[in-house]
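**Q** model this:
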Amino acid sequence: MTTMEIANKLVALCREGKGEEAQRLLYAENAVSVEAGAPPGQDPEVKGLAAIRGKSEWWYANHEVHQVTITGPWPHGDRFIVGFKIDVTPKATGQRFQMEEMALYTIADGKIAREEFFYHMGG
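**A** Residues are numbered from 1 along each chain as shown. Below is the predicted model of the structure:
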């Protein structure tokens, strides 16, 4: 698949709430995921599809996601950006808030090899 085909497939699956399927179909086994910040005790960078899946499982186990709005993709060579607006309540605090993040995906050998998330951490 081309970068744009991968980008469009990722966005379509995410809009359908099929993030796990997107990871299974589109990510390289040795993909890297990098967060702007990490929860206490966790590393902002994880390596490997199993670790990326574990990070996603942690997110959904610890947050109630009310709505996600996805924009893009915007391609640039072997990379593309997708925008996410998320209405979420952390289960630990019960304090509902809205966040916006941009994700930069890099393609190698027809798979997503790297994802990087950009968002404001407050302060």
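**Q** by contact count, what packs against the strand ranked longest in the chain?
**A** Counting residues, the longest strand found in the chain (DSSP state E) is strand 63-76. Applying 3 or more Cβ pairs under 8 Å, 6 or more residues apart in numbering; DSSP states H and E, we find strand 63-76 packed against helix 3-15, strand 79-90. From N, CA and C alone the C-beta is placed, and that goes for glycine too.
**Q** Quick check: neighbours of that strand in the sheet, parallel or antiparallel?
**A** strand 79-90 (antiparallel) (DSSP bridges).
**Q** how about the helix or strand following the partner strand as CSV, C-alpha atoms only?
**A** Remark: after strand 79-90, the chain's next helix or strand is strand 97-108, criterion DSSP states H and E. The C-alpha coordinates for strand 97-108 follow below in CSV (Å, rounded to 0.1, in the frame of the first residue of the first chain):
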residue,chain,number,x,y,z
PHE,A,97,-12.1,17.2,29.7
GLN,A,98,-11.5,17.7,26.0
MET,A,99,-8.1,17.3,24.4
GLU,A,100,-6.7,17.7,21.0
GLU,A,101,-3.6,15.9,19.6
MET,A,102,-1.9,15.5,16.3
ALA,A,103,-0.3,12.2,15.4
LEU,A,104,2.6,11.9,12.9
TYR,A,105,2.9,8.5,11.3
THR,A,106,6.0,7.3,9.4
ILE,A,107,5.8,4.5,6.8
ALA,A,108,8.5,2.0,6.0
